[in-house]
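Trainee: please find the sequence and the predicted model below.
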Number of protein chains: 4
Amino acid sequence: MIRNIKVEHLIETPVEKQQIELVERKGVGHPDSISDGLAEAVSRALCKEYIEKCGVVLHHNTDETQIVAGRSNPQFGGGEVTQPIYTLLVGRATKEFEGVEIPAESVALRAARDYIRNTIVDIDLESDIIVDCKLGTGSSDLRDVFNRDRVPVANDTSFGVGHAPFSELEQIVYESERMLITDLKKKIPGIGTDIKVMGLRDNDDINLTICCGMVGRHVDDMDHYINIKEEMADYVTDLALKRTDRKVNTFINAADNEKCDSVFLTVTGTSAEMGDDGSVGRGNRCNGLITPNRPMSMEATSGKNPINHIGKIYNLLSTQMAKDIVKAVPEVEDVYIKLLSQIGQPIDQPLVASAQIIPADGANFASIRAETEVVIDDWLADITKITQMVISGELDTF
Amino acid sequence: MIRNIKVEHLIETPVEKQQIELVERKGVGHPDSISDGLAEAVSRALCKEYIEKCGVVLHHNTDETQIVAGRSNPQFGGGEVTQPIYTLLVGRATKEFEGVEIPAESVALRAARDYIRNTIVDIDLESDIIVDCKLGTGSSDLRDVFNRDRVPVANDTSFGVGHAPFSELEQIVYESERMLITDLKKKIPGIGTDIKVMGLRDNDDINLTICCGMVGRHVDDMDHYINIKEEMADYVTDLALKRTDRKVNTFINAADNEKCDSVFLTVTGTSAEMGDDGSVGRGNRCNGLITPNRPMSMEATSGKNPINHIGKIYNLLSTQMAKDIVKAVPEVEDVYIKLLSQIGQPIDQPLVASAQIIPADGANFASIRAETEVVIDDWLADITKITQMVISGELDTF
Amino acid sequence: MIRNIKVEHLIETPVEKQQIELVERKGVGHPDSISDGLAEAVSRALCKEYIEKCGVVLHHNTDETQIVAGRSNPQFGGGEVTQPIYTLLVGRATKEFEGVEIPAESVALRAARDYIRNTIVDIDLESDIIVDCKLGTGSSDLRDVFNRDRVPVANDTSFGVGHAPFSELEQIVYESERMLITDLKKKIPGIGTDIKVMGLRDNDDINLTICCGMVGRHVDDMDHYINIKEEMADYVTDLALKRTDRKVNTFINAADNEKCDSVFLTVTGTSAEMGDDGSVGRGNRCNGLITPNRPMSMEATSGKNPINHIGKIYNLLSTQMAKDIVKAVPEVEDVYIKLLSQIGQPIDQPLVASAQIIPADGANFASIRAETEVVIDDWLADITKITQMVISGELDTF
Amino acid sequence: MIRNIKVEHLIETPVEKQQIELVERKGVGHPDSISDGLAEAVSRALCKEYIEKCGVVLHHNTDETQIVAGRSNPQFGGGEVTQPIYTLLVGRATKEFEGVEIPAESVALRAARDYIRNTIVDIDLESDIIVDCKLGTGSSDLRDVFNRDRVPVANDTSFGVGHAPFSELEQIVYESERMLITDLKKKIPGIGTDIKVMGLRDNDDINLTICCGMVGRHVDDMDHYINIKEEMADYVTDLALKRTDRKVNTFINAADNEKCDSVFLTVTGTSAEMGDDGSVGRGNRCNGLITPNRPMSMEATSGKNPINHIGKIYNLLSTQMAKDIVKAVPEVEDVYIKLLSQIGQPIDQPLVASAQIIPADGANFASIRAETEVVIDDWLADITKITQMVISGELDTF
């Protein structure tokens, strides 16, 4: 069956050339990101358990983790959590299949605790956080879908969006958080994992406002704290200047009032310890960013099953398509993909697969259209590859 | 102090003229909307209680309601919920102020139950839903903010976006859900409150895919069910044709397989009764829609305090600004507003207030710029009016 | 099969003639009694649902209701609950039987809310209390038991105890609470349902210490409060003197310090509103009393299934046997029954059925033994009558 | 002030000489005992934290831990928990004192997890059990009590009871469970911690019915299982015969049907993994036993604060008094202590302290009375010693 692919020539100032651009990334220790990470970690663990026990992935959606903030008393050189963070894993999972019982909630609990241990490295799992779990069972109709030896059908009428390439600011915002955690934190353990990067570009001025909860027991005193902030600002500015020729200003914890001893200090490195709740799907989109200058979908990608949850699959797929189009098709300045499903139809047959392209000046759009259609069609024909990539952990969801 | 207002001439095909447009609205009974509605109802009730008891609104954020789906056994002419829906109200609220104890959780519980009673009208509050509540107390720093007799300072570095005017499709999608519930349901009580409208426009073809959980005890049998679907489709198509000259096709419950008795029947009119969890901030933006062809913010608007929660205020304000600009400024085809705060700064002084405008052909952009700046500046000068409108219920948040 | 019935001549000063006697009763509004009442109300509702839907009672035990106290701000003439009481219904219930789905948790929720409405009459169910529910499913082995057309087998190795007749003090303590609630409260609505009666008899002096949470909105001021206490004390003393020729002293709310405005005032009539948690099985035994001068069982009777839960059945049965023995067998001064089951054996064949009897002076114990054996044997032969009496509500459990 | 001590000559057949005697002990891994143990472990940890941070023990009661059973799939040589056990720590604790914040819930969480790790040794804390926590704050009136430099006043009108010495059966039942866990389990790791011992003495025949959940991964197959049961039975019988000359029969897991592969196998060694919920205060009294032939109190001892919670203190104290009386006073065959408080009165001034004594034949009761009064009076004068012993862990509560 021929697929309904629409490639449109978009007349539009590319984001890189617009005056004002906003880009945000919530780091792995932000309460919303913790929720996303837990939701996805649980889903992956369930996928593996299902495959091991039943040979196929069974129905589940674990995309509603709720984090209820605790209370804490941070101190330079120490501090303590006074009321543990409460985490509720919510969702659906198949718990029995052809006579085999699947320990869905035990698997979820272990996966969640492992994820926290490995990601929110400064938290004490024995006293600082409670992990609770309420996984219901799904409706039997949906469970049915996963048994059949053919392309799954969409679970909903829903859409996914993606774009490529990243603008300079998008690259900078994304990399700043990633490198602070994976590189600079090794040298400066006082850096917490709850880092929020807000990037504003006003023509050629880039302004990076970074909010980072420092880990009290690795920060000796106010001088040390100030010193860490300076090192972080320099590090991020240097990083950014490798990606851009624009002017870059970096601000760390702009609300600090150091004279009043009012700074962003934590015990565990995340503000979930003190007043900041978190939910799945309210932070980064599946490309790792929040980009109001770009089309976005509201669908939570994390924690959804990667077999037929169309919101998840189409968001991830749109992003992959967009990336491949800018690689494979010459003279594409910006591409926006939108995929819309219809409930009950095979997921490789979207109601519409739309590509909006801003071509380079003077480009031949007919040839762009033809080549773009090929990329999209190929991906749709091979759509279950997305499922495999999710399960194997090749694709991030936030 | 002069405000940093940037008005930009956006060169872009207006959405109305793009080939593919997608618009979605989740109705009041959709699990995500129930979460939004509960979060906002609780916040409003708290605002009123604070004002009554203390004369000012105190710190609170109740923006993380989690709905854990139940189980049900729907039947034509009846049916029953077999496992109640579980609702957890999460957030922060000030519970004590200058020696006065505020019954925050009792107020929240009552407000939530009242909201459900009035909105999800086919649910039985005695057996079909559990309302639980976990409101922590906020950090004292934040509580502080509300006492001072001046413009509040932003609680975060965050942005809001808004646009105007609505495209034809946006109007149609929004009104379809609203009129089905407030008008047609009076005549056809079998219509449930969980209505999702997905609008797709491909050039001049509009396709409305509507998903609606019918209320079993008001539907006699399959014939009656089919009849209701037909009435709904006709009603929506007629409604749409008052807004557009384009071709309109309406599909109700496209996944039904009536021969297999597989249709979208419920007991309570919401899919939260059977497998669909819900969260705040994952559904409609504060203009009531999900619009991937437009800039959007990921911020949950519902349940945030309307005093200094900048994510809430700037989203609502951006939308009001955009609406006023298209009313007050001639020759504006489309306007996009983005407001970016900086944590700790007065909320009437955004880091940037950006307006991107697609002018009508041949318009005088200099005059558009000047008039737009006035609208924006006036609104910022009067920003606390947004707070009043929220508390009095004039502004919807989803 | 002959039953192992042992009737023993007990040489012992009867309780009525011992110097010191202690008897306690927790009224229906005491947090532990609320837990008991909820547990039993839920079990009865499930029994009826099972019989209606499946023709037989299916496995369930709902005997672990936990009440987590709220917070309140009581006032003469008003007051308010500031943090709702949290109630968690815990237990096991069969949710599916031969293809029929049983709405166990919805039934439980409704039964619990109805029970509260009818019993804790001064509480506002919309704002003062949260009812939550976590009913698991039982093990299949146990469910099996209920299907067979014969005497059920014991679910455990456990015992029940009972005694008769009530001493004077036992009658007085029991009736005081019952009459205050069912009679005097009609005239004096300020009397709360949380009444604890502690009776101490020192030879011929009876001391009744009564603790009662008054309902603020029905008490105008301190004078009114004091007046109510006096009326209650007079009422109880009068009541007691109909049962005894001993001296009676009654104290109401002995810890009150009226000069310091420190009295036992509540909003809802139960201390669960402020700091007093409650659990099943920690209050009255199934005869309505706590009697340290008598043998007691630790088994919670409330909420257990009345088919094969031997702790419940043997406690209720022991009490019935004891009552019938003192009615049917002459010259019995005191009788203590103990029934011990063995797991897996038919419940009409206890490992031992022991009766310890204090006969009247000069009684013929051989004839007492013979007649007692008949009463015990008849009851065991007709043991399922206890189940019927529980379901129909003829037997109290606390 | 002279204390109201009443020593009564009880004319009664001592339990050791009655025909039928029943004694029960629930082992440390029984769900009710786990609840007791958690409640007490949390209280002890809080006491230590309060002393460390504030110099005094502050108000708390953590006596309502609720255990909601999980689900499991036990297997010889392995097995897995499929749904984690859910544990809810409930109670009250002071969280702030003179400006010092006390991390009550974090302390509770850590203490609970440590207790489980050390006691339920075969459980995996990462996947088999959830520990949740809901500690409210107490009423300020009660918090007040703990500040004053004098004997605390009773928090309630309540009583405690105790007896001594243990009968043969009481000793045997108690020691059987203790030695199986602390001695034989070292050699036979398949023995689970959930051991219930029910002792029945019919004149000179002692019948021990023991129920023990075996740990699947330490039991190879059915032969191994049967072998363990035999070793346990022999071990217990040998142990008992050191304490008695009566005939002893020991039965392990009497409900097993080995031919049908229906035996008491577990994953974690406790039936909380599969269907058996647990609560505080429903198992052993503070002497470690359930003894229907003896006076008992319904008060939960575990988890109550050891400063002024009179139910806890008087139960522990009664038991210590009874033990000391049989040691110090000659010719006492059996002694029963009952202590009754009056709310608001100093705890060293009970409303009545009653000792009922069965003297040896021909004993001089006047001298017994005098010596008993001394023991009781001395203990009351030194009552806060009980508090110290609780905090230091010298006294068991179940």
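Mentor: Received it, and whenever you're ready, just let me know what you need.
Trainee: could you see whether chain B lies near the strand or helix carrying A:Leu380?
Mentor: A:Leu380 is located in helix A:365-381, with elements delineated by DSSP states H and E. No: on the criterion Cβ under 8 Å from any Cβ of the partner chain, helix A:365-381 is out of touch with chain B, staying 11.9 Å away. C-beta coordinates here come from the backbone N, C-alpha and C atoms, glycine included.
Trainee: that helix - contacts with which helices or strands?
Mentor: Under the contact criterion of 3 or more Cβ pairs under 8 Å, 6 or more residues apart in numbering or on different chains; DSSP states H and E, helix A:365-381 touches strand A:5-9, helix A:310-328, strand A:332-340, strand A:352-359.
Trainee: show me which residues of the third one are buried.
Mentor: The neighbour-count criterion (16 or more other Cβ atoms under 10 Å in any protein chain shown) identifies A:Val332, A:Glu333, A:Asp334, A:Val335, A:Tyr336, A:Ile337, A:Lys338, A:Leu339, A:Leu340 as the buried residues of strand A:332-340.
Trainee: just confirm A:Ile181 is within a helix.
Mentor: Yes: residue state for A:Ile181 (DSSP: H, G, I helix; E, B strand; the rest coil) corresponds to a helix.
Trainee: related to what we said a few turns ago, mind listing residues that contact the helix holding A:Leu380?
Mentor: Here helix A:365-381 makes contact (Cβ atoms under 8 Å, 6 or more residues apart in numbering or on different chains) with A:3, A:5, A:7, A:9, A:317, A:320-321, A:324-325, A:328-332, A:335, A:337, A:348-350, A:353, A:355, A:357, A:359.
Trainee: please list which of the buried residues of strand A:332-340 also come close to chain D.
Mentor: Within the buried residues of strand A:332-340, nothing lies near chain D by Cβ under 8 Å from any Cβ.
Trainee: tabulate those residues (CSV), appending distance to A:Val173.
Mentor: Output for these, formatted as CSV (distance: Cβ to Cβ, whole Å):
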residue, distance to A:Val173
A:Val332, 22
A:Glu333, 20
A:Asp334, 17
A:Val335, 20
A:Tyr336, 19
A:Ile337, 21
A:Lys338, 23
A:Leu339, 25
A:Leu340, 28
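Trainee: mind picking the two most distant members of those residues?
Mentor: Greatest spacing in the buried residues of strand A:332-340, by Cβ to Cβ: A:Glu333 and A:Leu340 (24.1 Å).
Trainee: which residues of the stretch 101-250 of chain A score low on pLDDT?
Mentor: Residues of the stretch 101-250 of chain A meeting the criterion pLDDT under 70: A:138-149.
Trainee: strands of that one, residue ranges please.
Mentor: Assigned by DSSP state E, counting those that start in this stretch, the strands in the stretch 101-250 of chain A fall at A:129-136, A:159-164, A:195-202, A:205-212, A:214-215, A:247-252.
Trainee: just how off-centre is the helix holding A:Leu380 within its chain?
Mentor: Centre-to-centre, helix A:365-381 and its host chain are 27 Å apart (Cα atoms, centre = their mean, to the nearest Å).
Trainee: mean confidence for it?
Mentor: Averaging pLDDT along helix A:365-381 gives 97.
Trainee: list the buried residues in that helix.
Mentor: Neighbour counts over helix A:365-381 (16+ other Cβ under 10 Å) mark A:Ile368, A:Arg369, A:Glu371, A:Thr372, A:Glu373, A:Val375, A:Ile376, A:Trp379, A:Leu380 as buried.
Trainee: distance of A:Arg282 relative to A:Glu64?
Mentor: Noted for A:Arg282: a distance of 11 Å to A:Glu64, by Cβ to Cβ, to the nearest Å.
Trainee: find residues that contact each of those two.
Mentor: Shared contacts of A:Arg282 and A:Glu64, defined by Cβ under 8 Å, 6+ apart, comprise B:Ser279.
Trainee: and the residue in chain A positioned nearest to chain C, how close does it get to A:Arg178?
Mentor: Nearest to chain C in chain A, going by Cβ to the nearest Cβ, is A:Lys134, at a distance of 8.9 Å. The gap separating A:Lys134 from A:Arg178 is 32 Å, by Cβ to Cβ.
Trainee: also A:Met222?
Mentor: Going from A:Met222 to A:Arg178 by Cβ to Cβ gives 28 Å.
Trainee: return the residues in contact with A:Glu98.
Mentor: A:Cys54.
Trainee: pull the longest helix from chain A.
Mentor: Longest helix in chain A, counting residues (DSSP state H): helix A:31-54.
Trainee: next, count neighbours for A:Tyr314.
Mentor: A:Tyr314 sits with 30 neighbouring residues when counted by other Cβ atoms under 10 Å in any protein chain shown.
Trainee: excluding its backbone neighbours, what's nearest it?
Mentor: Once flanking residues are discounted, A:Tyr314 sits nearest to A:Gly160: 2.7 Å by Cβ to Cβ, 6 or more residues apart in numbering or on different chains.
Trainee: pretty sure that neighbour sits against A:Asn315.
Mentor: Yes: if you go by Cβ atoms under 8 Å, A:Gly160 and A:Asn315 touch, sitting 3.7 Å apart.
Trainee: shared neighbours, those two?
Mentor: Here A:Gly160 and A:Asn315 have A:Ser297, A:Glu299 as joint contacts, going by Cβ under 8 Å, 6+ apart.
Trainee: pull out the buried members of the contacts of helix A:365-381.
Mentor: Taking 16+ other Cβ under 10 Å as the criterion, what is buried in those is A:5, A:7, A:9, A:317, A:320-321, A:324-325, A:329, A:332, A:335, A:337, A:348-350, A:353, A:355, A:357, A:359.
Trainee: just the helices in the stretch 51-200 of chain A please.
Mentor: A:104-119, A:140-145, A:168-179, A:185-187 (DSSP state H, counting those that start in this stretch).
Trainee: right, and those - which one's nearest C:Ile129?
Mentor: Closest of these to C:Ile129 is helix A:104-119, at 28.2 Å (criterion: Cβ to Cβ).
Trainee: what residues sit buried inside that closest one?
Mentor: A:104-113, A:115-116, A:119.
Trainee: before we move on, back to that, neighbours around the residue nearest to A:Tyr314, how many?
Mentor: A:Gly160 is flanked by 27 other residues according to other Cβ under 10 Å.
Trainee: contacts only, for it.
Mentor: Counting by Cβ under 8 Å, 6+ apart, A:Gly160 makes contact with A:297, A:299, A:310-318, A:337-339.
Trainee: A:Gly288 now?
Mentor: With Cβ under 8 Å, 6+ apart, A:Gly288 has these contacts: A:Arg25, A:Tyr174, A:Asp396, A:Phe398.
Trainee: quick check, it in a strand?
Mentor: No: counting by three-state DSSP, A:Gly288 is not found in a strand; it is coil.
Trainee: phi first, then psi, for it.
Mentor: Dihedral angles of A:Gly288 (phi, psi; degrees, to the nearest 10) stand at phi 90, psi 0.
Trainee: how many other residues sit next to A:Asp204?
Mentor: Look at A:Asp204: counted by other Cβ under 10 Å, it has 10 neighbours.
Trainee: now for it: which residues touch it?
Mentor: Counting by Cβ under 8 Å, 6+ apart, A:Asp204 has contacts A:Arg246, A:Lys247.
Trainee: around chain D, pick out the residues from the stretch 1-150 of chain A.
Mentor: So the stretch 1-150 of chain A meets chain D at A:71, A:73, A:80-84, A:86, A:95, A:101-107, A:109-110, A:113-114, A:126-128, A:130-133 (Cβ under 8 Å from any Cβ).
Trainee: mind redoing it with 7 Å?
Mentor: A:73, A:80-84, A:101, A:103, A:105-106, A:109-110, A:113, A:126-128, A:130-133 (Cβ under 7 Å from any Cβ of the partner chain).
Trainee: narrow those residues to those that are buried.
Mentor: For these, a burial check counting by 16+ other Cβ under 10 Å picks out A:73, A:80-84, A:103, A:105-106, A:109-110, A:113, A:126-128, A:130-133.
Trainee: so which bits of the stretch 251-398 of chain A are right by chain D?
Mentor: Counting by Cβ under 7 Å from any Cβ, none of the residues of the stretch 251-398 of chain A come close to chain D.
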